[in-house]
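J.: only geometry, no sequence info:
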RNA sequence: GUGGGCGUAGCUCAGCUGGUAGAGCACUCGGUUGUGGUCCGAGAUGUCGCGGGUUCGAGCCCCGUCGCUCACCCCA
């Protein structure tokens, strides 16, 4: 073959047939519940002014401090490939005055995100997310609805083996008070230097440590949940009761840590059982200070980001995606030039009626064309030759059973 | 950024203590006239990741390099 083959950049996820169909299916499953809840699409650039993320996501987060693809454009501006979606949506909402009309502003997006990390199972440098944001309303009912939308997406895919972790991070005052006590608690632990450095950046991180000795040590650490203000507690209690009413099961996880600084109040994460180390298939929460931090009004919002790549991995691990759901309805095998013309015509009419039709072009032997039809997984096959054209009638063969029936070309649509 | 595993046909891999490469799947054609999935036959495909070294001789040994992969960190 050729000389030097050029490969895809390190750590990117690519989807080629046949798996790309499954990817598309998962993506649509995750978007649809948002559409049905009245969320509207928003298409944003994949690169933004770097400052959007340093300010919005938080300088101290790993995402900003070491995982961003940042470069200078030709005008000397610092540009960053978006590492997450919420900050960009807030920027656009402020810039286009979407916060001036009726609230909440409800938006969904789907697309690629970028993080310069070491790749791993379920972790890519370019990955895909579906996200929604509901801006300008702090009713606990919308918190529950946002969670229900995410859950409906995973259910639509057919996923079962996942759980929902739920907590409340409270307001700024609650967090400040808790942080003082937590830092004091950590100070009296016997920790190695690296761990201490991590704790200095974000003490909550220690709750997430995978080492058993650290987990044990953190068992007696003060929990943020115990520092919540009355209003935060009430809000959270309502979120839980709405979820109960919806029959959405959740696990209270007061030790949950989120990687982005802007989260406040209700915070959640969907975790799949069958995935490897990167088992979070989606997460989100409320963000009270983000809009104003980015120069907008003091509006609260809530949203989520769901990992399409990981949801697909989870679906494959559960074996819930069946490939025949992507197959064509009918496969037409034309014999001869006139038949090709006729096949084109029949196909375009049936396609206009919503059917998926493939035609075997290329003058292959009938046997080969039949094989092609078989491989494609198409439900039905017809052979179109001179006889069929003169009689206006075809043998409609159902591939799964092998049975055939005589059908007029005009009534093919009804027979499919 | 740190550690482990692995790089052989399109794919999954085999290749024993070094003797210049194989299987299965997939693909193409055929097993007489226009109907697939099974079976049988035939065929095509590799600078064994790349570079250097040891050796009469290396896919197998040594060094380097690149890539992939899993895990840590962190997260979707």
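T.: Received the coordinates, thanks. Note that the coordinates shown come from a computational prediction; the quantities given were computed from them, not determined experimentally.
J.: hang on, residue A:45 in a strand?
T.: No - counting by DSSP: H, G, I helix; E, B strand; the rest coil, residue A:45 is not part of a strand but coil.
J.: tell me if residue A:32 really is in a helix.
T.: Yes - counting by three-state DSSP, one finds residue A:32 located in a helix.
J.: got a list of what the residue lying closest to residue A:173 once chain neighbours are set aside touches?
T.: Leaving aside its sequence neighbours, residue A:173 sits nearest to residue A:229 (C-beta to C-beta, 6 or more residues apart in numbering; 6.5 Å). Quick note: C-beta positions are derived from backbone N, CA and C, even for glycine. By C-beta atoms under 8 Å, 6 or more residues apart in numbering, the residues touching residue A:229 are A:170-171, A:173-174.
J.: equivalent analysis for residue A:39, please.
T.: Contacts of residue A:39 (C-beta under 8 Å, 6+ apart): A:106-108, A:132, A:134, A:149.
J.: switch the cut-off to 7 Å
T.: Listed by C-beta atoms under 7 Å, 6 or more residues apart in numbering, the contact partners of residue A:39 are A:106-108, A:132.
J.: tell me the phi and psi of residue A:21?
T.: Main-chain torsions, residue A:21, degrees, to the nearest 10: phi -70, psi -40.
J.: grab the nearest non-local neighbour of it.
T.: Residue A:21 sits nearest to residue A:326 (C-beta to C-beta, 6+ apart), 4.0 Å away.
J.: tell me the domain boundaries of chain A?
T.: Per automatic domain parsing, the domain ranges recorded for chain A read A:19-171+A:229-318, A:327-415.
J.: in CSV, list the ones you listed along with distance to RNA strand B and mean pLDDT.
T.: Listed next are these as CSV, based on distance: least, C-beta to the nearest atom of the strand, whole Å; pLDDT from 0 to 100:
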stretch, distance to RNA strand B, mean pLDDT
domain A:19-171+A:229-318, 2, 94
domain A:327-415, 3, 92
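J.: who wins for neighbours among the contacts of residue A:39?
T.: residue A:132 (32 neighbours; other C-beta atoms under 10 Å).
J.: A strand includes it, no?
T.: Yes - Residue A:132 sits within a strand when classified using three-state DSSP.
J.: for beta bridges, what are the partners of it?
T.: Beta-bridge partners for residue A:132, by DSSP bridges, are residue A:108, residue A:304.
J.: would you agree it is in contact with residue A:108?
T.: Yes - using C-beta atoms under 7 Å, residue A:132 is in contact with residue A:108, at 4.5 Å.
J.: now the common contact residues for the two.
T.: With C-beta under 7 Å, 6+ apart, residue A:132 and residue A:108 have common neighbours A:34, A:39.
J.: before we move on, back to that, any idea which of the contacts of residue A:229 has the most stuff around it?
T.: Most surrounded of the contacts of residue A:229: other C-beta under 10 Å gives residue A:170, at 26 neighbours.
J.: give me the element it is part of.
T.: Using DSSP states H and E, residue A:170 sits within no helix or strand.
J.: tell me the contacts of it?
T.: With C-beta under 7 Å, 6+ apart, residue A:170 has these contacts: A:224, A:227-229, A:232, A:265.
J.: for those residues, please prepare TSV with the additional fields secondary structure and distance to residue A:380.
T.: Listed next are the contacts of residue A:170 as TSV, based on DSSP: H, G, I helix; E, B strand; the rest coil; distance: C-beta to C-beta, whole Å:
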residue	secondary structure	distance to residue A:380
A:224	helix	59
A:227	helix	64
A:228	coil	60
A:229	coil	64
A:232	helix	59
A:265	strand	54
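J.: report how many residues lie close to residue A:12.
T.: Applying other C-beta under 10 Å, we find 14 residues neighbouring residue A:12.
J.: sorry, back to before: return the most buried member of the domains of chain A.
T.: domain A:19-171+A:229-318 (a mean of 19; mean count of other C-beta atoms under 10 Å).
J.: can you get me the start-to-end distance on that domain?
T.: 15 Å (C-alpha to C-alpha, to the nearest Å).
J.: gap between it and the chain center?
T.: Distance of domain A:19-171+A:229-318 from the chain centroid (C-alpha atoms, centre = their mean, to the nearest Å) equals 9 Å.
J.: out of the contacts of residue A:170, which two sit at the greatest distance?
T.: A:227 and A:265 (13.0 Å; C-beta to C-beta).
J.: which residues are in contact with the closest residue to residue A:174 other than its chain neighbours?
T.: Of all residues not flanking residue A:174 in the chain, residue A:227 sits nearest, at 4.6 Å (C-beta to C-beta, 6+ apart). Residues in contact with residue A:227 (C-beta under 7 Å, 6+ apart) are A:170, A:174, A:177-178.
J.: the stretch 201-350 of chain A: helices as residue ranges?
T.: Assigned helices in the stretch 201-350 of chain A, in chain order: A:212-218, A:230-246, A:290-293, A:308-318, A:337-352 (criterion: DSSP state H, counting those that start in this stretch).
J.: quick one: which of these is nearest residue A:37?
T.: helix A:230-246 (12.9 Å).
J.: what are the contacting residues of the closest one?
T.: The contact list for helix A:230-246 (C-beta under 7 Å, 6+ apart) reads A:140-141, A:143-144, A:147-148, A:168, A:170-171, A:174, A:250, A:265-266.
J.: filter these down to just the ones in strands.
T.: A:168, A:265-266 (DSSP state E).
J.: how near is residue A:81 to residue A:39?
T.: 24 Å (C-beta to C-beta, to the nearest Å).
J.: check residue A:267 too.
T.: 20 Å.
J.: next: residue A:295.
T.: With C-beta to C-beta as the criterion, residue A:295 and residue A:39 are 24 Å apart.
J.: and the end-to-end length of stretch A:32-48?
T.: End-to-end distance (C-alpha to C-alpha), stretch A:32-48: 27 Å.
J.: please apply the same query to stretch A:219-232.
T.: Termini of stretch A:219-232 sit 24 Å apart (C-alpha to C-alpha).
J.: how far away from the center of its chain is it?
T.: 30 Å.
J.: check contacts around the spatially closest residue to residue A:286 that is not a sequence neighbour.
T.: Spatially, and ignoring its direct neighbours in sequence, residue A:286 is nearest to residue A:265 (3.9 Å; C-beta to C-beta, 6+ apart). Contact analysis of residue A:265 by C-beta under 7 Å, 6+ apart lists A:168-170, A:232, A:235, A:285-286, A:288.
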